[in-house]
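Engineer: Please find the sequence and the predicted model below.
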Amino acid sequence: MRERGVQEQGEPTWPAARSRRRSGRHDWRAQADWHAQADWHEHADWPARVRRLRDRGDGGPLRRDPDDRLGGGVAAGIGARAGFRPNTVRIAWVVATLFTSGSAVPFYFVGWLLIPARGEETSIGSRARHDSRGIALAIALASLLGVFLALSGALNDGSIAVYGWPQVISVFCLTLICRNAGETEQAVIRRLVQPLESLWSSGDGRSRRGTQLRFIGSGALLIAGLSTLLSLRVKIALLAPLAGFVLLAAGLVLLFGPWWLRIVRDLMLERQARARAEERADMAAQVHDSVLQTLALIQRRADDPAAVVQLARAQERELRSWLFEGRAPGETDVTSLAEGVRRIQQDVEARHGVPVEVVTVGDCPLDEHVSALLAAAGEATVNAAKWSGASVISLFAEVEPDKVAVAVRDRGKGFDPEAVPADRKGVAESIRGRMTRHGGEATVQSAPGEGTKVTLTLPRTVKPGGPVPPMSGQRR
Amino acid sequence: MSADAAAPPRVVLVDDHGLFRSGVRAELGRQVEVVGEAEDVAPAIELIGRVVPDVVLVDVHLPGGGGQAVIAAVVRDHPEVRFLALSASDAPEDVIAVIRAGARGYVTKTISTAELADAIRRVADGDAVFSHRLAGFVLDAFAAAPAAPDVRPSFDPELDQLTNREREVLRLIAQGYTYREIGKELFISAKTVESHVSSVLRKLQLSSRHQLTRWAAERRLA
């Protein structure tokens, strides 16, 4: 209970937890925005969405997400903005590419170029405006591709050109991105072009020869495939273009396969590292919410030894149950008598500040009768804490084969059972009444100045399987 | 009890926490004479053999074997040295093991100074000192689980069972009663209570009782 209170006092000061929560809220708000514009769903044109998102320019700006990216983080950014998972956006993009003969691809690069990365003010595009050499190079490369496409268009029926022309824009954008992206993005692009680099870089002899062989093989396959495609005419049988595509695909796989595998592996490692970091963060949050808060409280109340002892005791118990019994702080499941007794101890110590010494002998699972016994014991313990003025209360529970007994004892003021005030009499009756209703009995021994002892006994209904053996002994 | 008027008992502290040792030393002050401290098993054995104190306050958990190892090594050569085990919070089977090794009592570190001094004096006099916690452990260990027929009982079957009276005494100790209060409650003298407790200690140490072993094994599994 106390721990809950502490948690509610305010946001935890632990930064990662806070930022995570905030980003969670952000996503949720973004999603609500998205649903407000539900008509977007009707136009399945992704690039148009990108443009409209750019033009909106109001709260929650569209940002590329460099933490969750395959390429430029465009899909992740749009996903976060619109409340989709990045992979959904990616798949939609690929499908769009297939249906629009590749026209969707350049929009990705346009997005990369024009949408600023998260945490950055300007987009790559705005920086590229001042890079006149870059623009010249981009135009040169794009027009080179254009010339190639024009040539191949003249050679066959132009099906290559249909796929190729949009990529002129892609090449243009990619060149500008390469030259003007920030440090981290440069690294990503370098990873993208790594397989080409590895041809010239000096690895150890064997792997370089392997790469060269692979390159030659894939080159042969690509040339064969391309020439099949280039030389074909529409009227020719279906088999020839198919063979061409198969050859092309084989060439591409041979060329880029190992590198794709490496990228997938890198991504997996990255994800694992992130999962580990989150686990550690949860642990830190747990420790912060319990132990560190308690330590802070102890420092604040250093002048009150009783309070410090009580805080330390409560924290020790909680930490033990978390570390050794896997029970989260604040978890409330009570399944056995011993746990119930311990819960009484915790509650009374937390609420009334009186230490409770607990000894339990044996244990048994809870049924309605034992629960009633626990409730009565709780009542008696609270009474002792409230009225007796004793500095410590003893709570003893023993499970025997034929009965369960609980004794609550204090060395406090005590009272004359014959002349009890009305309010206490009522409570005593409620304890006694509860016990008799469940076939047990309660006795109250007390005398002024000698403390009070409440003894509760409950006969056990022995189950067909014989007496339940004592599960465990004393716990704290 | 006879030593009450005599010189304060000579005490050795064996605990791996220096802070705790100095705390106990400061608190016990004039009530006992602390003649040495050790923080590990081997130095403790050497020290106790040299100074031969009346009482050794030994932590249940020590690096290098635990309080058990110290007791087992010393008892052979110096049966007159008495041990009082204490610890913050330990598994019952470890506490029972220390008692079975020869400690004459077990108290928790949360014990008040006056009570600790009293406990040391009683142990020095040859009495047993059961804290409420130890009483709970012992009741648990001797719990009336029926003996399995295939296991041979102790040489003296008396050792395998607590009498009803002993059980009652232990229950009251577990509830924090003093010996005097127990005597009043059960209409017996404090001295008789003391003898019941000593008898329980004897049973605990001498019983080759299978149930104790089985109980410890079950607790370890749990």
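Structural biologist: Everything's here; your move.

Engineer: The spatially most central residue of chain A is in what secondary structure piece?
Structural biologist: Among the residues of chain A, the smallest C-alpha distance to the mean C-alpha position (Cα atoms, centre = their mean) belongs to residue A:278, namely 6.6 Å. Counting by DSSP states H and E, the element that carries residue A:278 is helix A:239-287.

Engineer: Kindly report the same for residue A:164.
Structural biologist: Under the criterion DSSP H and E, the helix or strand holding residue A:164 is helix A:159-180.

Engineer: which parts of that helix are buried?
Structural biologist: A:160-161, A:164-180 (16 or more other Cβ atoms under 10 Å in any protein chain shown). For glycine as for every other residue, the C-beta is placed from the backbone atoms N, C-alpha and C.

Engineer: Please work out the average pLDDT along it.
Structural biologist: For helix A:159-180, the per-residue pLDDT values average out at 79.

Engineer: what angle sits between it and helix A:239-287?
Structural biologist: For helix A:159-180 and helix A:239-287, the angle between their directions (axes from the mean of the first three to the mean of the last three Cα atoms, to 10 degrees) works out to 30 degrees.

Engineer: What is helix A:159-180 packed up against?
Structural biologist: Helices and strands in packing contact with helix A:159-180 are listed as helix A:104-114, helix A:124-128, helix A:132-155, helix A:183-200, helix A:205-231; criterion 3 or more Cβ pairs under 8 Å, 6 or more residues apart in numbering or on different chains; DSSP states H and E.

Engineer: if we compare these, which one ends up closest to residue B:203?
Structural biologist: Using Cβ to Cβ as the measure, helix A:183-200 is the one of the helices and strands packed on helix A:159-180 that comes nearest residue B:203, at 73.4 Å.

Engineer: Can you tell me which of the helices and strands packed on helix A:159-180 is nearest to residue B:88?
Structural biologist: Taking Cβ to Cβ as the criterion, residue B:88 comes closest to helix A:183-200 out of the helices and strands packed on helix A:159-180, the separation being 51.0 Å.

Engineer: Rounded mean pLDDT for the closest one, please.
Structural biologist: Averaging pLDDT residue by residue across helix A:183-200 gives 64.

Engineer: residues touching residue 172, list them.
Structural biologist: Using chain A. Remark: with contacts taken as Cβ atoms under 8 Å, 6 or more residues apart in numbering or on different chains, residue A:172 is in contact with A:138-139, A:141-142.

Engineer: please go with chain B instead
Structural biologist: Going by Cβ under 8 Å, 6+ apart, residue B:172 touches B:181-182, B:185-186.

Engineer: redo that, cut-off 7 Å
Structural biologist: Residue B:172 makes contacts with B:182, B:185, as judged by Cβ atoms under 7 Å, 6 or more residues apart in numbering or on different chains.

Engineer: pLDDT score assigned to it?
Structural biologist: We note a pLDDT of 92 for residue B:172 in this prediction.

Engineer: next helix or strand past whichever strand or helix holds it?
Structural biologist: Here residue B:172 is covered by helix B:164-174, with elements defined by DSSP H and E. Stepping forward along the backbone from helix B:164-174, the first helix or strand reached (DSSP H and E) is helix B:179-186.

Engineer: buried ones in that next one?
Structural biologist: Buried positions in helix B:179-186, judged by neighbour count with 16+ other Cβ under 10 Å: B:179, B:181-183, B:185-186.

Engineer: Show the subsequent helix or strand relative to the helix holding residue A:278.
Structural biologist: Helices and strands here follow DSSP H and E; after helix A:239-287, the next one along the chain is helix A:293-300.

Engineer: now the angle from the helix holding residue A:278 to helix A:205-231?
Structural biologist: With the same axes, to 10 degrees applied, the angle from helix A:239-287 to helix A:205-231 works out at 130 degrees.

Engineer: What's the mean pLDDT across helix A:239-287?
Structural biologist: What helix A:239-287 shows for mean pLDDT is 78.

Engineer: ditto for stretch B:56-74
Structural biologist: The predicted confidence, averaged over stretch B:56-74, sits at 85.

Engineer: for the residue of the stretch 101-250 of chain A found nearest chain B, helix, strand, or coil?
Structural biologist: Among residues of the stretch 101-250 of chain A, the one nearest chain B by Cβ to the nearest Cβ turns out to be residue A:119. It sits 48.5 Å away. Following DSSP: H, G, I helix; E, B strand; the rest coil, the label given to residue A:119 is coil.

Engineer: quick revisit: for the helix holding residue B:172, list every residue counted as buried.
Structural biologist: With burial defined by 16+ other Cβ under 10 Å, the residues of helix B:164-174 counted as buried are B:166-174.

Engineer: Now do the same contact list for residue 120.
Structural biologist: I'll assume chain A. With contact set as Cβ under 7 Å, 6+ apart, residue A:120 has these partners: residue A:182.

Engineer: Chain B is the one I meant
Structural biologist: The neighbours of residue B:120, taking Cβ under 7 Å, 6+ apart as the test, are B:9, B:11, B:32, B:55, B:84.
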